[in-house]
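>>> I would like the atomic coordinates for the input below:
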Amino acid sequence: MFQELEKQNYTNVKGIFAGIDYSISLRSLLTGNNPGHIFVDNLTHPRTVFALTVDGYFLAGEYNDPLIRSELSQFLQGQIFTGKIFTGTDFWMMLAIHPAEWETYLPEIIPTHEAEKVHRYHYTCDHVAFDGRAALPEGFQAYPLVDILSGAVKAEIPEDLEGEVTISAMWGSVEKYLRQGMGIAIVHDRQVVTICRAVCATKDVLEIGIDTLPAFRHRGLAAAATVAAVEQALAHGYREVSWQCDYDNIGSWKTAKKAGFTRVHEYDFFDYIFDVGDQLAQLAYRAYMNNDYKRCIEYYQKAFPLQQEKQPSDYFFIAAAYANQSDKANTLRYLQEAARIGWHSVERTMKTPVFSFLFGTKEWEDVISKIRGNA
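Numbers count the residues shown, from 1 in each chain. Below you'll find the predicted structure:
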């Protein structure tokens, strides 16, 4: 039976995690700087370890023991996938494994879900590439994020920039972040439009995450905020700054490179959304992005009966998948359903080239009219 390890005993499992200690969030948990949990198969002689950190979950150690795998499966199904125990979010798990042989056994350990395997990039930076504040367009100002959070600078942080994992969840409390964390906020008309926040930290490495409101992207704000955050971190004694992102998040890794970061590592995460319908929908979307339209349709068809809440975007993408197969009837069927449940992106619909075979038809005009009515 997997049991939680007490913090004073974390040093006992550092060696088991040696193959995935590239993770700053894991290292920050092991040193007690950021919150999380560690569970082991045996408290006195641990062989397999499962860690919950603010930036992903980690499984390491003995994989070849059927009893350990069975107990791990029971623990995951009973405690993690139910949301009883979590760090950060209670509906989703990003899982890294070591050694790689664990991948063979994931379907046995988590038989209810097919994992979404996501390749990720890890970047680091130990110097300032340019003057971030000087690079800002007119009308934009960069401030320390702590000044926004403390109220020293009056600016609203939109909900879209708050993130799935709150600062309090990352650091244990906002007060601790104000003492130890850092970051940069770019403000326009008293509204934060770009936020670069510290996710976690070890003694000498700070990891950051960044986001920009859609209307303000492609103006260099993310790179400017990132450089300013690097300058801030180095001034506070950190040796380097860390950045991680999915391989297909092109905007993210291009920003990292522009800000002077260097790719130092690549690895895989296995994503699990605990709701099976939502997991299948995510697999469908990934298949669509990989141009595998047949599998995209298969996953969505399995997902729809299981989803508790319909997502208009899912119906848009299955329509696009059918359009790629020149299936007019199903393309219209799912576009109409997307419009019926709230799809409102007129521009995206009209600029999706695969729908061009419908242009000028009465059915197309009816669909666009319904979507426009949702906008």
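
>>> which ones are touching the residue nearest to Ser73 when sequence neighbours are not counted?
What sits nearest to Ser73 in space, not counting adjacent residues and going by C-beta to C-beta, 6 or more residues apart in numbering, is Ile109, at 4.6 Å. Quick note: C-beta positions are derived from backbone N, CA and C, even for glycine. Neighbour list for Ile109: Arg69, Leu72, Ser73, Leu76 [criterion: C-beta atoms under 8 Å, 6 or more residues apart in numbering].

>>> in a markdown table: the residues you listed, plus secondary structure, neighbour count and distance to Phe359.
Below are the contacts of Ile109 laid out as a markdown table (DSSP: H, G, I helix; E, B strand; the rest coil; neighbours: other C-beta atoms under 10 Å; distance: C-beta to C-beta, whole Å):
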| residue | secondary structure | neighbour count | distance to Phe359 |
| --- | --- | --- | --- |
| Arg69 | helix | 18 | 54 |
| Leu72 | helix | 25 | 53 |
| Ser73 | helix | 16 | 51 |
| Leu76 | helix | 24 | 48 |
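
>>> which of those residues sits closest to Gly15?
Leu72 (19.1 Å; C-beta to C-beta).

>>> in this structure that closest one contacts Thr48, no?
Yes: if you go by C-beta atoms under 8 Å, Leu72 and Thr48 touch, sitting 6.7 Å apart.

>>> low-scoring stretches of the stretch 51-200 of the chain, by residue?
Across the stretch 51-200 of the chain, nothing is flagged by pLDDT under 70.

>>> list the contacts for Thr212?
Val193, Thr194, Ile195, Leu221, Ala222.

>>> at 7 Å instead, please
Contacts for Thr212 (C-beta atoms under 7 Å, 6 or more residues apart in numbering) come out as Val193, Thr194, Leu221, Ala222.

>>> quick check, the first one in a strand?
Yes: per DSSP: H, G, I helix; E, B strand; the rest coil, Val193 lies within a strand segment.

>>> surely it meets Ile184?
No: using C-beta atoms under 7 Å, Val193 makes no contact with Ile184, being 11.8 Å away.

>>> please, where are all the helices along the stretch 101-250 of the chain?
Assigned helices in the stretch 101-250 of the chain, in chain order: 102-109, 145-150, 167-171, 174-180, 221-235, 250-258 (criterion: DSSP state H, counting those that start in this stretch).

>>> among those helices, show me which one is buried the most.
helix 221-235 (a mean of 24; mean count of other C-beta atoms under 10 Å).

>>> for the host helix or strand of Ile97, packing partners?
Element membership for Ile97, per DSSP states H and E: strand 92-98. Counting contacts by 3 or more C-beta pairs under 7 Å, 6 or more residues apart in numbering; DSSP states H and E, strand 92-98 packs against strand 56-61, strand 262-273.

>>> export those to TSV and tack on mean neighbour count?
Shown next, in TSV, are those (neighbours: other C-beta atoms under 10 Å):
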stretch	mean neighbour count
strand 56-61	24
strand 262-273	17
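
>>> make CSV from these and add distance to Ile20 to it.
Formatted as CSV, the helices and strands packed on strand 92-98 follow (distance: least, C-beta to C-beta, whole Å):
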stretch, distance to Ile20
strand 56-61, 6
strand 262-273, 8
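
>>> closest to Ile167 out of the contacts of Ile109?
Looking across those and measuring by C-beta to C-beta, the closest to Ile167 is Leu76, at 27.5 Å.

>>> okay, that closest one and Gln8: tell me how far apart.
Distance from Leu76 to Gln8, counting by C-beta to C-beta, to the nearest Å: 25 Å.

>>> Ala96 too?
25 Å.
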